[in-house]
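**Q** Could you look at this predicted model? Sequence included:
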Protein chains: 2
Amino acid sequence: MIDQHTWDLYDRQADVLKALAHPIRVAIVHMLQDGERCVCQIIPEIDCDRTNISKHLAIMTRAGVLRSRKDGLKVYYSLRTPCVANFLSCAASTLKNKAAEDAKALARI
Amino acid sequence: MIDQHTWDLYDRQADVLKALAHPIRVAIVHMLQDGERCVCQIIPEIDCDRTNISKHLAIMTRAGVLRSRKDGLKVYYSLRTPCVANFLSCAASTLKNKAAEDAKALARI
DNA sequence: CAAGTATGTGAGTGTATGCTCACATAATCT
DNA sequence: AGATTATGTGAGCATACACTCACATACTTG
């Protein structure tokens, strides 16, 4: 049986993962892989309501995935922990792997 | 502007992350780090409804995170892509990192 | 083949999440 | 100071998700 303290940890780890589990947030993390960007650079790349992006940035910041820095009118966001970028490539290889196994399974039929 | 094909990729990457973004599923991935387990081994570790665990396993399998293998009455689950285990340690260091920065920010006040 | 064991599924309900709109704040510029 | 630009926030609605219960399937064993 998993004890309460361990569940708390799993809860918070899940929160970090939740913070990345949305296509728009994946896109933002992808953009930030090459360094910090201000909101005004992120908005034109992602075709959706401005305030929506603000909220996605807030979610990731609250979860500890992003860090923000204000410079004049602009707010710059960056990845707080670079390892989160690996999530994306691992997710990609998971998809590839599954596609390959599914194809093999079909071939067997 | 991000094109449609790239959004499709982000969508599917987000699906993989969603498949891990739940405390129970984090716990299961944690268990499977040391190798495959049958459902009957997972259930007693996690104190919740049996059918609920079935559904969480189905979600992760559909997303390509887990693989299942039937042996007699039992079904054994394992990680399809070992790199997903890194998610947990990266999530943990994200939490640690954020805590450290928050503490530093408080100290500055 | 009947009973038992291990696991999966569909329907219904409650809660959480995402999105948009109107409004708020904060720094800059004239 | 007043106007403008960049960003954030709260309320309300729509959708998605997690959970439970009753039921279904599939293999095994007497």
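**A** Yep, that arrived.

**Q** Mind listing what's buried along the helix or strand harbouring A:Lys96?
**A** Secondary structure from DSSP states H and E places A:Lys96 in helix A:84-108. Neighbour counts using 16 or more other CB atoms under 10 Å in any protein chain shown place A:Val84, A:Ala85, A:Phe87, A:Leu88, A:Cys90, A:Ala91, A:Ser93, A:Thr94, A:Leu95, A:Asn97, A:Lys98 of helix A:84-108 among the buried residues. Every residue, glycine included, has its C-beta placed from N, CA and C.

**Q** is chain B contacted by that helix?
**A** Yes - Helix A:84-108 lies within reach of chain B by CB under 8 Å from any CB of the partner chain, at A:84, A:86-88, A:90-95, A:97-98, A:101.

**Q** Show me what that helix is packed against.
**A** On a contact count with 3 or more CB pairs under 8 Å, 6 or more residues apart in numbering or on different chains; DSSP states H and E, helix A:84-108 meets helix A:23-32, helix B:4-18, helix B:84-108.

**Q** what does it contact?
**A** Contact with helix A:84-108 is made by A:20, A:26, A:29-30, A:33, A:65, A:79, B:9, B:12-13, B:16-17, B:63-65, B:67, B:80-81, B:83-84, B:86-87, B:90, B:94, as judged by CB atoms under 8 Å, 6 or more residues apart in numbering or on different chains.

**Q** one more time with 6 Å
**A** A:Gln33, A:Val65, B:Arg12, B:Gln13, B:Val16, B:Gly64, B:Arg80, B:Thr81, B:Cys83, B:Phe87 (CB atoms under 6 Å, 6 or more residues apart in numbering or on different chains).

**Q** Now that we have the residues you listed, which of them are buried?
**A** Buried among the contacts of helix A:84-108 (16+ other CB under 10 Å): A:Val65, B:Arg12, B:Gln13, B:Val16, B:Gly64, B:Arg80, B:Thr81, B:Phe87.

**Q** so the third one sits right up against A:Ala27, yeah?
**A** No - counting by CB atoms under 6 Å, B:Gln13 sits too far from A:Ala27 to count as a contact (9.5 Å).

**Q** ok, the residues of helix A:84-108 next to chain B vs DNA strand D, which is closest?
**A** Taking CB to the nearest atom of the strand as the measure, DNA strand D sits nearest to A:Ala91 out of the residues of helix A:84-108 next to chain B, at 15.2 Å.

**Q** From A:Val16, how far off is the closest one?
**A** 14 Å (CB to CB, to the nearest Å).

**Q** Up against chain B, what does chain A have?
**A** Within chain A, the positions near chain B by CB under 6 Å from any CB of the partner chain are A:10-14, A:16-18, A:20-23, A:26-27, A:45, A:64, A:80-81, A:83, A:87-88, A:90-91, A:93-95, A:97-98.

**Q** of the buried ones among the contacts of helix A:84-108, closest to DNA strand C?
**A** Closest to DNA strand C, out of all of the buried ones among the contacts of helix A:84-108 and judged by CB to the nearest atom of the strand, is A:Val65, at 13.0 Å.

**Q** so who does that closest one touch?
**A** A:Val65 makes contact with A:Ala19, A:Val84, according to CB under 6 Å, 6+ apart.

**Q** same thing but at 10 Å, please
**A** Residues in contact with A:Val65 (CB atoms under 10 Å, 6 or more residues apart in numbering or on different chains) are A:15-17, A:19-20, A:25, A:28-29, A:32, A:57, A:59, A:77, A:79-81, A:84, A:87, B:91, B:94, B:97-98.
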